[in-house]
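Here is my input; please provide its structure:
(one chain, ligands or ions: 1)
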Amino acid sequence: MNLPRLITCLCFLFFFVGSLAAEEPRLTQKRMAGWEAQMELFQRALYRHDYKKMADAMAVIEQTPEVHPKVQAALKATLEQREFNDYMKLDHYIRTNASLVIEQAGERDIQKLLIHQGRLIMACIQCHDTFLAKAVNAVRQAKH
Ligand code: HEC
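Predicted coordinates:
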């Protein structure tokens, strides 16, 4: 391959890799969009008394992987240790309650199911209330 061709190829390669990097999804926004979608599916299933679909939606939330190490590192760099621990606790609390909702869906116990679903929703709101302003820059900088 001659030099001009090589240079053209390299330019294309850099352009391609560069444009991929620019479109990297934001990890937390992706996690949140997933949770929001499952919450909507849950809600629709709730009004139809469809316990199977309620459990399916909660299972996706329950199985969400741990907060990405890069997001954790970015949060640690921004938040105090105590705040970071609270952030992680709230994230775990979501998944614990999702699992309790699944349990109650199995029992078809709507009262208990709604108690855990209520706690789950409160944890969504609590994290946003407490951390959105503080954490948003950190999580947005933490890319793949
Ligand atoms: C442990 C903290 C935490 C918990 C718990 C949490 N969120 Fe979030 N959420 C965030 C952060 C941080 C952002 C901001 C992300 C950004 O804009 O980069 C966010 C943003 C969002 C957004 C806006 C996303 C966007 O693209 O602008 C939605 C929707 C959302 N969360 C839904 C939920 C739902 C539903 C739950 C509960 C099932 C939940 N969140 C629980 C931390 C949390």
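
Please name every helix or strand in contact with the longest helix seen in the chain.
What stands out as the longest helix in the chain, according to DSSP state H, is helix 110-141. With contacts defined as 3 or more CB pairs under 8 Å, 6 or more residues apart in numbering; DSSP states H and E, the packing partners of helix 110-141 are helix 27-47, helix 69-78, helix 81-107. C-beta here means a position set from N, CA and C on the backbone, and glycine is covered the same way.

buried stuff in that helix?
113, 116-117, 119-120, 123-124, 127, 131, 135, 138-139 (16 or more other CB atoms under 10 Å).

what two of these are the furthest from one another?
113 and 138 (34.1 Å; CB to CB).

still on that earlier bit, need the buried residues of helix 110-141 in TSV (columns: distance to residue 97 and pLDDT).
Formatted as TSV, the buried residues of helix 110-141 follow (distance: CB to CB, whole Å; pLDDT from 0 to 100):
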residue	distance to residue 97	pLDDT
113	10	98
116	5	98
117	7	98
119	5	98
120	4	98
123	7	97
124	10	98
127	13	97
131	18	92
135	21	82
138	25	82
139	22	85
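
Nearest to residue 42 among those residues?
residue 117 (7.3 Å).

I'd say the closest one and residue 99 touch.
No: using CB atoms under 8 Å, residue 117 makes no contact with residue 99, being 11.9 Å away.
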